[in-house]
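> what's the 3D shape of this:
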Amino acid sequence: MLFYVKKQKNYTSGDAPIYLRITVDGKRSEITTNRECIPEKWNSKSGRLIGSKEEVKSFNAFLNNLQTKVYEAHRYLSENEKLITAETLKNRMLRKAQTAHMLIDIFKDHNSKMAALVGKDFAEGTLERYKTSLSHTEEFLHSRYNSSDIDIRKIDHSFIAEYDFFLRSTYNCANNTAVKYISNFGKIIRICLSNGWITVDPFANFKGKIKTVAGVYLSKDEMQRMADKRFEIDRLGQVRDVFLFCCFTGLAYVDVKKLKTSQITKGLHGEQWIFINLQKTDGRSAIPLLPAAVKLIQKYSNHPLCVNKCMPLPVPSNQKMNGYFKEIAAICGINKMLTSHIARHTFATTVTLSNGVPIETVSKMPGHSSIRQTQQYAKILDLKVSEEMKLLKQKLTHCVAH
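Residues are numbered from 1 along each chain as shown. Down below sits the predicted model:
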């Protein structure tokens, strides 16, 4: 805390205003004392007026009173476990009610702005995850605090830890799911920090780590069974074909959905390639088409939907795709819960890595941001390891025999 004379830039002579500066954790807040003095009569070291006359004593007593009010404001905030910053001290001293910023209001505002940018800066799936995160946060507030909202200044490390436990216990979220919801919540906190609504990051000592899990993928036999199956309902066959196309290209559902025929052109050696900017990474991906993928495109070359919308495949909505997956798996005798992600995993494992395609090449085609993302698939290829070890055993046996 400091009283000081504040000279204006164009100051030449005469009285100058005296200000009170409050500093907490390196951040300042200033208050005018509504008093002035001649700078030459001011002791900057003591922060008081120089002199022993009665008016000087009265002047300094006024400043002492202001200083006492700052101490009282600090004591009040401390005793009531309120956030102590230069601004809250100033507001308490002046008895100004600080505008409360409420968590759920901020969260809803964030989601509303994100919704307006879907298709531009964000994918629909990203918005849905934040909507779910908001819903979980509201439920947590009702359960833990019996409240529909909370002042963001009350959010601390304990709040984050309790929320994390709530997600894992009440919603039975797996580790990676809980970490992602907490990460979504963290973005809201960063917005508050950026706007200066809070000064202490409640995530400062909180650690949430994504664990690498073995991805589910189809074996060569399961892919063949699916490809050979005849479906009585055309829609099931179309969904099956879209799934297999993802297996042979490594594309995510959202990228196949927006894929245009014009993005399939001749590349190196006259072969057909897909050249596309991926939705998730916004990075360019170049994928040479395997014969199986080319046949699927040719199969639908005269399909009305494909012709009218310049699409290589008749791709239904994600909701319809997911609805048909369970039925397709049952008909094909596949005891796995099919998703579009499994198709990408199958491309990285069964189709490419297990057939000797270098991991660096595989990483480039699905548009992975780093080779680490692809390495998780390499770790689960037990079948490939088994086959290579058989060859090694044969070589070693042959060497020993001679």
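> how much space between residue 20 and residue 1?
When Cβ to Cβ, to the nearest Å is the yardstick, residue 20 and residue 1 sit 7 Å from each other. No exception for glycine: its C-beta is placed from N, CA and C like everyone else's.
> just residue 200 next, same as before
Residue 200 is 21 Å from residue 1, by Cβ to Cβ.
> before we move on, what about residue 33?
For residue 33 relative to residue 1 (Cβ to Cβ), the value is 12 Å.
> so this structure: which segments form each domain?
The record's domain parsing of the chain by automatic domain parsing lists 2-93, 103-194, 220-387.
> tabulate these in JSON lines, adding columns for distance to residue 396.
Output for those, formatted as JSON lines (distance: least, Cβ to Cβ, whole Å):
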{"stretch": "domain 2-93", "distance to residue 396": "66"}
{"stretch": "domain 103-194", "distance to residue 396": "40"}
{"stretch": "domain 220-387", "distance to residue 396": "15"}
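> any idea which of those domains gets closest to residue 394?
Smallest distance to residue 394 across these (Cβ to Cβ): 11.2 Å, for domain 220-387.
> re earlier: need the least confident one among the domains of the chain, by mean pLDDT.
Between those, the lowest average pLDDT goes to domain 220-387, which shows a mean of 82.
> how far off centre is that one?
Counting by Cα atoms, centre = their mean, to the nearest Å, domain 220-387 is centred 26 Å from the centre of its parent chain.
> could you do stretch 17-28 as well?
37 Å.
> list the buried residues in stretch 56-68.
Across stretch 56-68, burial judged by 16 or more other Cβ atoms under 10 Å covers 59-60, 63, 66.
> stretch 168-180 too?
Buried residues in stretch 168-180 (16+ other Cβ under 10 Å): 173, 178-180.
> re the thing from before, closest one to residue 393 among the domains of the chain?
domain 220-387 (10.6 Å).
> separation between residue 170 and residue 209?
Residue 170 is 21 Å from residue 209, where distance means Cβ to Cβ.
> picking that back up, now the buried residues of stretch 168-180 in TSV, with distance to residue 50 and secondary structure?
TSV is the format used below for the buried residues of stretch 168-180 (distance: Cβ to Cβ, whole Å; DSSP: H, G, I helix; E, B strand; the rest coil):
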residue	distance to residue 50	secondary structure
173	66	coil
178	63	helix
179	61	helix
180	63	helix
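> can you put these in a markdown table and add distance to residue 114?
Below are the buried residues of stretch 168-180 laid out as a markdown table (distance: Cβ to Cβ, whole Å):
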| residue | distance to residue 114 |
| --- | --- |
| 173 | 22 |
| 178 | 21 |
| 179 | 20 |
| 180 | 16 |
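> returning to that earlier point: okay, residue 20 and residue 1: which has more neighbours?
More crowded of residue 20 and residue 1, by other Cβ atoms under 10 Å: residue 20, with 22 against 15.
> need the residues touching each of residue 33 and residue 1.
Residues touching both residue 33 and residue 1 (Cβ atoms under 8 Å, 6 or more residues apart in numbering) are residue 20.
> and the strands in the protein, which stretches?
Along the chain, the stretches classed as strands by DSSP state E are 2-5, 16-24, 27-37, 42-43, 48-49, 264-266, 272-277, 284-288.
> what residues of the last one count as buried?
Within strand 284-288, the residues that qualify as buried are 285, 287, counting by 16+ other Cβ under 10 Å.
> what do you get for the first one?
Residues 3, 5 are the ones in strand 2-5 that count as buried (16+ other Cβ under 10 Å).
> what comes into contact with that strand?
If you take Cβ under 8 Å, 6+ apart as the criterion, strand 2-5 is touched by 16-21, 23, 33, 37, 39, 42, 44, 47-48, 63, 66-67.
> so how do I select the buried members of those residues in PyMOL?
Here is the PyMOL command that selects the buried residues among the contacts of strand 2-5 (16+ other Cβ under 10 Å):
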select buried, resi 16+18+20+21+37+39+42+47+48+63+66
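> any idea how far the spatially closest residue to residue 248 that is not a sequence neighbour lies from residue 256?
Using Cβ to Cβ, 6 or more residues apart in numbering and skipping the chain neighbours, the partner closest in space to residue 248 is residue 293 (4.1 Å). Using Cβ to Cβ, we find residue 293 at a distance of 11 Å from residue 256.
> which residues do the two both contact?
245, 249.
> I figured residue 193 hits residue 204, correct?
No. Between residue 193 and residue 204 there is no contact under Cβ atoms under 8 Å: 10.6 Å.
> more neighbours, the two?
residue 193 (16 against 9).
> without its sequence neighbours, what residue ends up closest to that one?
Once flanking residues are discounted, residue 193 sits nearest to residue 201: 6.0 Å by Cβ to Cβ, 6+ apart.
> how close does residue 311 sit to residue 245?
Distance, residue 311 to residue 245, using Cβ to Cβ: 11 Å.
> relative to residue 103, how far out is the closest residue in space to residue 141 that isn't next to it in sequence?
The shortest distance from residue 141 to any non-neighbouring residue, by Cβ to Cβ, 6+ apart, is to residue 147 (5.2 Å). Distance, residue 147 to residue 103, by Cβ to Cβ: 10 Å.
> which neighbours do these two share?
Joint contacts of residue 147 and residue 103 (Cβ under 8 Å, 6+ apart) are residue 141.
> between the two, which one's more packed in?
Higher neighbour count among residue 147 and residue 103: residue 103, with 24 against 13, using other Cβ under 10 Å.
> tell me which residues touch that one, please.
The neighbourhood of residue 103, defined by Cβ under 8 Å, 6+ apart, consists of 137, 141, 149-152, 155, 188.
> let's see it at 6 Å
Residue 103 makes contact with 150, 152 under the criterion Cβ atoms under 6 Å, 6 or more residues apart in numbering.
> could you report the distance from it to residue 178?
Separation of residue 103 from residue 178 (Cβ to Cβ): 19 Å.
> how about residue 255?
28 Å.
> just give the nearest non-adjacent residue to residue 217, would you?
residue 345 (3.9 Å).
> okay, now the one you found: neighbour count?
By the criterion of other Cβ under 10 Å, residue 345 has 22 neighbours.
> and if you look at residue 49?
Counted with other Cβ under 10 Å, residues neighbouring residue 49 total 23.
> from memory it sits against residue 61, does it?
No. Assessed by Cβ atoms under 6 Å, residue 49 is found out of contact with residue 61, at 10.5 Å.
> fine by me, thanks again.
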